[in-house]
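Asker: have a look at this prediction, sequence included:
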Amino acid sequence: MEARADGSSAVIHSHAPTMSNHLLNSTLLFSASEGRNDSPALTVEPRGVSVSPWDVALCVTGTLVSCENAVVLALIVYTPTLRAPMFVLIGSLAFADLLAGLGLILNFVVTYMLDDSWTTLFSAGLLITAFSASVLNILAITVDRYLSLYNALTYHTERTVTFTYATLLLMWLTSAALGSLPVLGWNCLEDESTCSICRPVNKNNAAALAVSFLLIFALILQLYLQICKIAFRHAQQIAVQHHFMTTSSANFTTKGVSTLSAILGTFALCWVPFAMYSLVADTGYPVVYTYATVLPAICHSFINPVIYAFRNPDIQRSLRLACCACMPPSFTLRPRTPSDV
């Protein structure tokens, strides 16, 4: 650079290191004039962190999911009458979705504030554990509803309670095992070419999880079809006893089928696109497709309390009692069977 008689200036640009693929660029501006004895002026002009709006949406969704499921969990824990196997499973589902929401918040912190491989793997493992437990809890609730209709006379027995807690233990152990896979080596931190659409999960791990989900969805679908058959058979038996199909029985059957269709439809719309996309996509696909498929799957954890908890009359009454701090004269609580949900 040539020097001039009236003065000169030099501009030096430096870039801050990369942290989790998001750059914090700073421009350092040094100005010096010839013939002046004062020190060069240092001007720092930060450009700010480049935050993806999709990551912000995931973090906000995780916060809402955590708050909503924390309410459900608190209602079940602090209401003594909500101790039936059905409510234990709903509480386990709420806890799984609560962990999923917290995992999303942690993932945002890890992505933009921390740069450590172990925290990245822990965040991924927590999310896999939470969402695996959420799906498995939905399967357990479906099995519980089926058994409550198939074995209605023996449902309220000590054997059912023992079976419920054994099922919960098996589900959470399975979910924890799946979540530990990235820490045990099923990750792509050393070889980025093996990464799936959800870093640091590798392609094999993502494919195994996707196939497992599709098998669980097929099992849930089959169970709900059996539930519909049992409901129709009960309706036909009532019709034979009364020599005609009563209006209340017909309405109950229609409402039950509509409810099951809504549950299955919501579950499929939220999870199947992400599972299918995980099987066929790789890191070469636009990242917007990953966010567009994973966000509905996460939103299902926000919908779960509406489907499985807040629709239940006993939980509704407990919520009104907690909000109003008053009990109306007609307020009663009784254990309900899954068929009432």
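Answerer: Everything's here; your move.
Asker: what packs against the longest helix along the chain?
Answerer: Longest helix in the chain by number of residues (criterion: DSSP state H): helix 203-242. Contacts defined by 3 or more Cβ pairs under 8 Å, 6 or more residues apart in numbering; DSSP states H and E place helix 203-242 against helix 117-150, helix 247-280. C-beta here means a position set from N, CA and C on the backbone, and glycine is covered the same way.
Asker: now that helix: average pLDDT?
Answerer: Taken as a whole, helix 203-242 has a mean pLDDT of 84.
Asker: ok so, going back, which of the helices and strands packed on helix 203-242 has the lowest mean pLDDT?
Answerer: Among those, helix 247-280 scores lowest, at a mean of 79.
Asker: export the next helix or strand after that one as CSV, just CAs?
Answerer: Per DSSP states H and E, the first helix or strand lying C-terminal to helix 247-280 is helix 287-304. Output in CSV follows, covering the C-alpha atoms of helix 287-304 (Å, rounded to 0.1, in the frame of the first residue of the first chain):
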residue,chain,number,x,y,z
VAL,A,287,-31.6,-28.5,5.4
VAL,A,288,-35.0,-26.8,5.2
TYR,A,289,-36.5,-30.2,4.3
THR,A,290,-35.2,-31.6,7.6
TYR,A,291,-36.6,-28.8,9.6
ALA,A,292,-40.0,-29.0,7.8
THR,A,293,-40.3,-32.7,8.6
VAL,A,294,-38.9,-32.7,12.2
LEU,A,295,-41.0,-29.7,13.4
PRO,A,296,-44.4,-31.6,13.0
ALA,A,297,-42.9,-34.6,14.9
ILE,A,298,-41.9,-32.3,17.7
CYS,A,299,-45.3,-30.7,17.7
HIS,A,300,-46.8,-34.1,18.4
SER,A,301,-45.4,-33.8,21.9
PHE,A,302,-47.4,-30.6,22.3
ILE,A,303,-50.5,-32.4,21.0
ASN,A,304,-50.2,-35.4,23.2
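Asker: helix 287-304: which residues count as buried?
Answerer: Within helix 287-304, the residues that qualify as buried are 290-291, 293-294, 296-304, counting by 16 or more other Cβ atoms under 10 Å.
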